[in-house]
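Undergrad: my questions are about this predicted structure, shown below with the sequence.
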Amino acid sequence: MSRTADQIRDEWLHDLMPPGAIERSPDGNLAKFLLAFAGPFAALEGDIDGLAQEISPRTAVGLLADYEAVLGPDPCGRDQGNLTLEQRQALAYQRWVAGAGVTPAFFAAMAQAAGYTITIEEPDTPVHGRVRCGETRYGTSDLRFLWIVTLPDKSTGLECPMQRLCPAHTTLVFKYADAA
């Protein structure tokens, strides 16, 4: 939290000036002189506090356009149209954190950053012996690479980014909770 110019001046008077040798009252000449230097320090502290909100695209306002410029256009086209500030922040944050990780937990966090709750199911691979006459009896080992993603509805816009970021050997199957 930033301090006011008066708080900074009072701190300087009491912490930096020796007691008894110099008048330390806020009405003295030294206090008025120090107040002129305390103003820019208070403004600087206020600016630093304001920038603390800009460190993440989720809360950025002044630097949101800079985040969007660094990210470039969305490959899935989700940045088209007239988006509200909150939608732009959510999209920029979701794209900002979507650069690493290829686990179901990563995709759940990516959806959470976009404002959605999803579930991802990984079916167990049934292994019950050998293949018989070239046919599989219970399932194939490819089931290890199948993720069933349950989204709230088709309007989430998460299918494209998930397809782009999923591991190359993984097949995503999308289900929708509102279709159940």
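TA: Done, it's in. What you are looking at is a predicted structure, and each value in this text was computed from that prediction instead of being measured.
Undergrad: off-centre distance for the helix or strand harbouring Ile120?
TA: Using DSSP states H and E, Ile120 maps to strand 119-121. Chain-centre distance of strand 119-121: 22 Å, with C-alpha atoms, centre = their mean, to the nearest Å.
Undergrad: partner strands of that strand, with direction?
TA: strand 146-151 (antiparallel) (DSSP bridges).
Undergrad: picking up where we left off before, residues contacting the strand holding Ile120, please?
TA: With contacts defined as C-beta atoms under 8 Å, 6 or more residues apart in numbering, strand 119-121 is touched by 104, 107-108, 147-150. In short, each C-beta sits where N, CA and C put it, glycine included.
Undergrad: in it, what's buried?
TA: Neighbour-count burial for strand 119-121 flags Ile120 (criterion: 16 or more other C-beta atoms under 10 Å).
Undergrad: over to stretch 45-64?
TA: By 16+ other C-beta under 10 Å, the buried positions in stretch 45-64 come out as 45, 57-58, 60, 63-64.
Undergrad: ok, stretch 79-98 next?
TA: By neighbour count on 16+ other C-beta under 10 Å, the buried set for stretch 79-98 is 79, 88-98.
Undergrad: give the residue spans of this structure that score low on pLDDT.
TA: For the chain, the stretches flagged by pLDDT under 70 are 21, 98-101, 125-143, 180.
Undergrad: and the helices in this structure?
TA: For the chain, the helices defined by DSSP state H occupy 5-16, 29-52, 64-71, 85-97, 104-113, 159-165.
Undergrad: how far off centre is the first one?
TA: Taking C-alpha atoms, centre = their mean, the mean C-alpha location of helix 5-16 is offset from the chain mean by 38 Å.
Undergrad: go on, stretch 40-59?
TA: On the basis of C-alpha atoms, centre = their mean, stretch 40-59 sits 18 Å off its chain's mean C-alpha point.
Undergrad: contacting residues around it?
TA: With C-beta under 8 Å, 6+ apart as the test, stretch 40-59 has contacts from 1-5, 7-8, 60-64, 67, 89-90, 92-93, 95-96, 113.
Undergrad: okay, the helices of the chain, which one's buried deepest?
TA: Sort these by mean neighbour count, taking mean count of other C-beta atoms under 10 Å, and helix 85-97 sits at the top with a mean of 18.
Undergrad: could you check the angle helix 104-113 makes with it?
TA: 160 degrees (axes from the mean of the first three to the mean of the last three C-alpha atoms, to 10 degrees).
Undergrad: okay, the angle between helix 85-97 and helix 64-71?
TA: Using the same axes, to 10 degrees: helix 85-97 against helix 64-71 is 40 degrees.
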